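**Q** need a structure here:
(one chain, ligands or ions: 1)
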Amino acid sequence: MLNNSQLDLAPITRHLRAMFGSRLLVAAVHHLHVFDQLNSEPLSVAELRNRIGLSERPAMVLFPALCAMQLLAYDADGRLFITELGRYLTTSQTPNLTGYTGLEKDDIGAVEMAVRLKNDGPMDTPEGISFVKEGDAPSPMDDPELSRKFTLGLAGRAKHLSPIVAANLSKREGHLLDVAGGTGYYTYEWLLNNPASTATILDRPAVLSVAAEILDEFSHSDRPGAGSLKERVRLLPGDMLTDELPQTDILLAASLFHDWPTPTCQLLAHRFASALRPGGELWVHDAFLNDALDAPLPVTDYSAQLFWGTKGRCYSRAEYRSWFTEAGLQPTPDNIPTQMDYGLIWARKTT
Ligand SMILES: C[S@@+](CC[C@H](N)C(=O)[O-])C[C@H]1O[C@@H](n2cnc3c(N)ncnc32)[C@H](O)[C@@H]1O
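**A** Below is the predicted model:
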């Protein structure tokens, strides 16, 4: 069931994220010289990566974006080639737009994007990387001020999307584990829809102190059932990468995998599968690339934004489903759009 009665705010998030796509374009043309490399012949992804010195994550951000911009495409052998449109970004085409796009080549965002693409992330991160806590490295999510800033920064998005997400998750009596749950809005909405159920929100301690304030406010609202929420929610401080996870019937990973590189996503899929009881369900709310990894443009822009600020990127549903299968789960074919270019997919634990 899709609750579509509220306005989709995608135009706002698309314009916001387009800035990162623009940086990719200028960096690709003027700093990484992608179009010069492809000018004489199509190249395999591996060969192009090798020539411009990109590791896996930046390549899987940049190449899908240039395809979604219709500047590159894949041939039948899986090699990248310059499209008719993309030819106007080569100096061998007359006329071409390289002089015009070159006017932006010293833009500070484009220059920094080129640095981050080549380095697979920023050169220096003394405060740690936004939204991630890994090992002993400093994390803004463990700093009282920064974690509040980042958590409240996502609050409006979660508040807007959570009724739609909750309406589409399974209705059942049981337990929901909202891993890296942030504000907790997805949990509160699901508990209102499932009055006999309970939930755990797992996150960093500093994040959970913000969640506790939001839970307090939510439980004093006039929403039916809000009064019993506090008794039904447990706020569990921890590290999802290392701590034992509580057993659950439904595990929600909302805007979670996209902060992490592929090997960590594979690890998380295994950890989440182990936390599910037989018959349990793993739900992912995120923005997905298409399985051909060449569209859609709003998601390739979002992937660039995530690449800029986190350890992750956007992934395709096929990538998620392969991790679920490797972790012993059975992916369902469901593809449930929500809003702001997000959607839901899920897998079940059969045994
Ligand atoms: C992008 S936010 C998503 C929050 C929420 N699910 C939402 O959609 O609004 C990612 C969350 O992951 C949490 N996180 C990062 N590393 C973590 C770790 N190792 N253990 C637990 N939570 C972690 C962060 O504190 C942050 O709240």
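**Q** what are the phi and psi values at the nearest residue to Asp239 once chain neighbours are set aside?
**A** Nearest residue to Asp239 in three dimensions, chain neighbours excluded: Lys133, at 6.5 Å (CB to CB, 6 or more residues apart in numbering). Placement of C-beta: from N, CA and C, glycine included. In terms of degrees, to the nearest 10, the main-chain angles of Lys133 are phi -130, psi 120.
**Q** buried stuff in stretch 137-150?
**A** Ser139, Pro140, Met141, Asp143, Leu146, Ser147, Arg148, Phe150 (16 or more other CB atoms under 10 Å).
**Q** so the second one versus Gly78, what's the distance?
**A** Computed as CB to CB, to the nearest Å, the Pro140 to Gly78 distance reads 39 Å.
**Q** cool, and Val132?
**A** 32 Å.
**Q** compare these two (neighbour count), which wins?
**A** Val132 (19 against 9; other CB atoms under 10 Å).
**Q** quick one: the helices in the stretch 1-150 of the chain?
**A** 10-30, 34-38, 45-52, 56-68, 98-102, 108-119, 144-153 (DSSP state H, counting those that start in this stretch).
**Q** with adjacent residues omitted, what lies nearest to Ala180?
**A** Nearest non-adjacent residue to Ala180 (CB to CB, 6+ apart): Leu256, at 4.7 Å.
**Q** tally of neighbours for the one you found?
**A** 22.
**Q** quick check: it touching Leu268?
**A** Yes - in this structure, Leu256 is within contact of Leu268 by CB atoms under 8 Å, at 7.5 Å.
**Q** Ile214 against Thr183, yeah?
**A** Yes - if you go by CB under 8 Å, Ile214 and Thr183 touch, sitting 5.0 Å apart.
**Q** shared neighbours, these two?
**A** Common contacts of Ile214 and Thr183 (CB atoms under 8 Å, 6 or more residues apart in numbering): Ala155.
**Q** near the ligand too, which of the buried residues of stretch 137-150?
**A** The residues of those that also fall near the ligand, by CB under 6 Å from any ligand atom, are Met141.
**Q** could you dump the buried residues of stretch 137-150 to CSV with pLDDT and distance to Arg348?
**A** Shown next, in CSV, are these (pLDDT from 0 to 100; distance: CB to CB, whole Å):
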residue, pLDDT, distance to Arg348
Ser139, 95, 32
Pro140, 95, 35
Met141, 95, 30
Asp143, 95, 38
Leu146, 96, 37
Ser147, 97, 33
Arg148, 98, 36
Phe150, 97, 32
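**Q** determine which two of the buried residues of stretch 137-150 are furthest apart.
**A** Spatially, the most separated pair among these is Ser139 and Arg148, at 13.6 Å (CB to CB).
**Q** need the residues of the stretch 1-150 of the chain near the ligand, please.
**A** Phe131, Val132, Lys133, Met141.
**Q** now the strands for this structure?
**A** 72-74, 80-82, 175-179, 198-203, 233-237, 248-254, 276-286, 288-289, 315-316, 330-331, 336-337, 343-348 (DSSP state E).
**Q** and the fourth one, how far out from the chain middle?
**A** Right, strand 198-203. Remark: strand 198-203 is offset 20 Å from the chain centroid, using CA atoms, centre = their mean, to the nearest Å.
**Q** what packs against it?
**A** strand 175-179, helix 185-193, helix 205-219, strand 233-237 (3 or more CB pairs under 8 Å, 6 or more residues apart in numbering; DSSP states H and E).
**Q** partner strands of the first one, with direction?
**A** Paired strands of strand 175-179, with direction, are strand 198-203 (parallel), strand 248-254 (parallel) (DSSP bridges).
**Q** tell me the centre residue of the protein?
**A** His258 (2.9 Å; CA atoms, centre = their mean).
**Q** separation between that residue and the ligand?
**A** 8 Å (CB to the nearest ligand atom, to the nearest Å).
**Q** name the nearest residue to that residue, sequence neighbours excluded.
**A** Gly312 (4.7 Å).
**Q** near that neighbour, how many other residues are there?
**A** 25.
**Q** I'd say it and Gln305 touch.
**A** No - between Gly312 and Gln305 there is no contact under CB under 8 Å: 10.6 Å.
**Q** what sits in contact with each of those two?
**A** Joint contacts of Gly312 and Gln305 (CB under 8 Å, 6+ apart) do not exist.
**Q** only alpha carbons, please: show stretch 163-172 as PDB.
**A** Provided in PDB are the C-alpha atoms of stretch 163-172 (Å, rounded to 0.1, in the frame of the first residue of the first chain):
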ATOM      1  CA  PRO A 163       4.500   7.200   7.400                       C
ATOM      2  CA  ILE A 164       4.900   5.900   3.800                       C
ATOM      3  CA  VAL A 165       7.600   3.500   4.800                       C
ATOM      4  CA  ALA A 166       5.700   2.200   7.800                       C
ATOM      5  CA  ALA A 167       2.500   1.700   5.700                       C
ATOM      6  CA  ASN A 168       4.500  -0.500   3.300                       C
ATOM      7  CA  LEU A 169       6.400  -2.600   5.800                       C
ATOM      8  CA  SER A 170       4.700  -5.800   6.900                       C
ATOM      9  CA  LYS A 171       2.100  -5.500   9.500                       C
ATOM     10  CA  ARG A 172       2.800  -8.100  12.200                       C
END
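**Q** dump the strands paired with strand 175-179 into TSV; add mean neighbour count, distance to Leu192 and mean pLDDT as well.
**A** Putting the strands paired with strand 175-179 into TSV (neighbours: other CB atoms under 10 Å; distance: least, CB to CB, whole Å; pLDDT from 0 to 100) gives the following:
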stretch	mean neighbour count	distance to Leu192	mean pLDDT
strand 198-203	23	11	98
strand 248-254	24	15	98
